[in-house]
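Asks: the following comprises the amino acid sequence and a computationally predicted model.
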Amino acid sequence: MTKLLVVRHGETMFNREKRFQGWLDIPLSDFGSAQARACAAYLARSPFIPVTRIYSSPLCRAQQTAKAISEALGAGLVTDERLREIDVGRIAGMTWEEVAGEYPQLMEEYRRNPTATRYPGGESVLDVWDRAKDLLMHIVETHRGETVVVVGHAIILKALICHILRLEAPNHRRLTLGNASLSVAEAGVERGGFSGRVTRLNDRHYLEHAGLDAYTAEVDAG
């Protein structure tokens, strides 16, 4: 089995303003940078070390979070394109209210089937689902018996967790992952599919202790 320390990036101003980010390269806010440092400091004194490798999305907000963790743990950082957030295409930078005004048909499709709805010029959750599966297979086959950190975004990380738990794609909407939260899982491959368990989900106690747990409501592409 492989132990995965799954970390969502720290807060950005778009998170605070409840705007879709998608592939926009939005940096951490000062608050989000402090969250990343608090997460890194906790991991450095946690029972989960040593860590073999840190995987990160190439987007700036994830890279900044991953680099804080890499420096604290002294572990190598690998950038993986499969960890990008869902591509929301032309609605990047918009709020839900703005999307509802400009793309009413998209909102109707989303209400009927949020998992299969494709954002204009972008991806659907099912697209993210496929690359999450591919990435998870790579990690568990490459790092058997090791511990790795995975730093990414709300939708891609929810997809990873659902694959580990053998949950169907629509179940990702039942999960909440706050900024700079930690989820801990163990995963392996069994009879061609994944097996595993999640022992922590959306843990933010280290943020609470540091006064950094101001909850930012998720939009579906943070």
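Replies: Sure, I can see it.

Asks: buried stuff in the longest helix seen in the chain?
Replies: Assignment by DSSP state H gives helix 125-142 as the longest helix of the chain. Buried residues in helix 125-142, counted by 16 or more other Cβ atoms under 10 Å: 125, 127-129, 131-133, 135-136, 139-140. The way it works is simple: take the backbone N, C-alpha and C, and place the C-beta from them, glycine included.

Asks: what angle do the following helix or strand past it and helix 125-142 make?
Replies: Going down the chain from helix 125-142, the next helix or strand is strand 147-152, by DSSP states H and E. Per axes from the mean of the first three to the mean of the last three Cα atoms, to 10 degrees, the angle that strand 147-152 makes with helix 125-142 is 160 degrees.

Asks: so what touches strand 147-152?
Replies: Strand 147-152 is contacted by residues 2-9, 43, 48-57, 62, 65-66, 69, 73, 75, 83-85, 139, 157, 160 when judged by Cβ atoms under 8 Å, 6 or more residues apart in numbering.

Asks: hmm, try it at 7 Å
Replies: 2-9, 48, 51-57, 62, 65-66, 69, 83, 139, 160 (Cβ atoms under 7 Å, 6 or more residues apart in numbering).

Asks: give me the buried subset of those residues.
Replies: If we count by 16+ other Cβ under 10 Å, those have these buried: 2-9, 48, 51, 53-57, 62, 65-66, 69, 83, 139, 160.

Asks: for the residue sitting nearest the centre point of the chain, what are its contacts?
Replies: The chain has H153 as the residue nearest its centroid, 2.8 Å off, counting by Cα atoms, centre = their mean. By Cβ under 7 Å, 6+ apart, H153 lies in contact with 8-9, 57, 62, 85, 222.

Asks: check S70 too.
Replies: Applying Cβ under 7 Å, 6+ apart, the residues contacting S70 are 54, 77.

Asks: give me the pLDDT for it.
Replies: Looking at S70, its pLDDT is 98.

Asks: can you check Y110 too?
Replies: In this model, Y110 carries a pLDDT of 89.

Asks: count the neighbours of it for me.
Replies: Close neighbours of Y110, defined as other Cβ atoms under 10 Å, add up to 18.
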